[in-house]
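>>> I need the structure of the sequence given here:
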Amino acid sequence: MKKLKTLLLVAIIGLLVVAAGLGFLFGFDNPVAWILIGMVILIPFIYNWKVRSDQLVWKDSYSVGIAQLDDDHRKLIELLNKFQTAYEYHTGEEFERKALEELVDYTKYHFDHEEKLLQDNNYPDFAAHKDQHVAMIAEVERFVEDYQVRGHEALEGVAQYLQGWLINHINGTDKQYTSHLQEKGLN
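Numbers count the residues shown, from 1 in each chain. The predicted model follows:
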């Protein structure tokens, strides 16, 4: 489906260029030809705006009030967007695989980091919080295994799943530890 959209976009640009070229046959003062050229120039800007609107952007409302964990969450969002770009633009297996590996590796690092802070500060719901991390990593590992078998097609919907999970986890489970960690002197 995405390849069809790309092909359609290329076809539209090609038709506009041909139509503009034909319009210039009637003279360089032909306004229709210049309007068509303007449309060709605007298409990449509109397309990039659309792609950026699909990406996750850090909002202050995502903050858990602990700077080091907020930094981790920002990095996760950055890596998630990088992965989504690799998938959406069919950048090739090497870039796609690297983006996925970086995202998975940093997610594991972040979970370890967060769990250590929670454990070191005797967070009362530590076990339940860790269980959510374990379940999420298991799901991600299934994505990775499926990707190794099926390739690019296995990743459809993965970025949206990860975006939803991450934001729900930050705004739900993660924010539950904020007051506990702040009472322990972490900011």
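>>> show me the contacts for the spatially most central residue of the chain.
With distances taken as CA atoms, centre = their mean, residue 81 lies nearest the centre of the chain, 2.6 Å away. The contact partners of residue 81, by CB atoms under 8 Å, 6 or more residues apart in numbering, come to 55-56. From N, CA and C alone the C-beta is placed, and that goes for glycine too.
>>> and it, how far from residue 96?
14 Å (CB to CB, to the nearest Å).
>>> again, but for residue 165
When residue 165 is compared with residue 96 (using CB to CB), they lie 20 Å apart.
>>> same check on residue 185?
42 Å.
>>> give the buried residues for whatever helix or strand residue 106 lives in.
For residue 106, the host element (DSSP states H and E) is helix 93-120. For helix 93-120, the neighbour count (16 or more other CB atoms under 10 Å) marks 95-97, 99-100, 102-104, 106-107, 110-111, 114-115, 117-118 as buried.
>>> for that helix, packing partners?
Applying 3 or more CB pairs under 8 Å, 6 or more residues apart in numbering; DSSP states H and E, one finds that helix 93-120 contacts helix 67-88, helix 126-150.
>>> what about it, average pLDDT?
Averaging pLDDT along helix 93-120 gives 96.
>>> now do that helix: distance to the chain's middle.
Centroid separation between helix 93-120 and its chain, computed with CA atoms, centre = their mean, to the nearest Å, is 14 Å.
>>> could you check the angle that helix makes with helix 67-88?
Orientation check (axes from the mean of the first three to the mean of the last three CA atoms, to 10 degrees): helix 93-120 against helix 67-88 gives 160 degrees.
>>> any idea of the angle helix 93-120 forms with helix 126-150?
Calculated by the same axes, to 10 degrees, helix 93-120 forms an angle of 170 degrees with helix 126-150.
>>> deepest-packed of the helices and strands packed on helix 93-120, please.
helix 67-88 (a mean of 18; mean count of other CB atoms under 10 Å).
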